[in-house]
Every structure is written in C-alpha cells, then in structure tokens.
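>>> Dropping a prediction and its sequence here:
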Amino acid sequence: MKTPTSLAAVVSNPEGHVGRALLLSGRLTDLCTKKGCWTVLTDGEHSVRVRFQDYGFFLPQDALGSRALVEGRAELRTLSEREARHYAEESRDGDPDAIDGPQRELAFVATGVRLLPPGTAP
C-alpha cells in the first residue's frame with residue numbers, strides 16, 4: 001500500500017474501516033514499557049492503540065516519538081477491566097486505578113511498521 005488512510009477518517013467511522021487492510025501514518029506517542037509489544041499512533045488529534053499481529057514483532061524503546069507508517073487492520077474491541085489495567089500499567093502515563101469495568105476501544109493490528117527518519121513526512 002502506498003497511500004495512508006487518515007487516522008481521522010478511521011476514528012470518525014470505525015465500522016467502515018474494520019477488517020479492511022489499511023496504511024496509517026502518525027507519531028508514536030506511547031509504547032509498551034516492558035517489551036515494546038504495543039504502541040499508540042496519533043495524528044495529533046486522534047489516536048489508536050497498535051498491537052502487532054500474532055505477537056510477531058516488537059518496537060525498540062527508542063522508537064517512541066518517531067513518525068511511522070503502520071500497515072494492518074482496524075478492529076473494535078472490548079477490553080476486560082483486567083486487560084485495560086494491564087495496558088495502563090505498561091503505559092508511560094497510565095493510571096491502572098482509573099480503569100473501572102470493561103473498556104471499548106478502536107484498535108489496530110499491525111502486520112508491519114516502518115519507522116521514518118526524523119524530519120520525514122509520510
């Protein structure tokens with residue numbers, strides 16, 4: 001895929017994008033502090049948690065703040081309270097105690113991530 005879908009379009013109409021192969025672009029604003037097994041991609045206004053297909057790859061901790069192209073599929077998920085607290089514990093600014101009950105989220109399962117050199121626009 002060569003042309004990214006805007007994150008704003010995906011966030012504003014998640015049902016219209018779920019299950020479709022997509023290329024997203026943005027900045028990595030959070031990253032699992034344990035293994036790099038998930039990240040958060042943002043365009044500055046909208047964001048989505050990105051997990052990696054089949055737990056098949058991870059990102060290095062120094063990827064935080066990088067611009068990236070992420071290929072994969074969007075999905076709507078309901079996280080159990082336990083899973084949501086787990087993500088909050090691994091987040092740089094997460095507050096597990098703020099989680100109360102199941103959490104609905106738009107997520108993205110990546111099949112690939114390309115970190116872009118500083119100053120490069122996707």
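Ah, there it is.
>>> Give me the distance between the least confident helix or strand in the chain by mean pLDDT and the centre of its chain.
Lowest mean confidence among the helices and strands of the chain (mean pLDDT, DSSP states H and E): helix 81-90, at a mean of 91. Between the centre of helix 81-90 and the centre of its chain there are 15 Å (CA atoms, centre = their mean, to the nearest Å).
>>> list the buried ones in it?
Neighbour-count burial for helix 81-90 flags A84, R85, H86, Y87, A88, E90 (criterion: 16 or more other CB atoms under 10 Å). (C-beta placed from N, C-alpha, C; glycine too.)
>>> got CSV for those residues, with distance to G65 too?
CSV is the format used below for those (distance: CB to CB, whole Å):
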residue, distance to G65
A84, 24
R85, 25
H86, 23
Y87, 19
A88, 20
E90, 17
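>>> Tell me which stretches of the chain form strands.
21-31, 38-42, 47-52, 67-79, 103-115 (DSSP state E).
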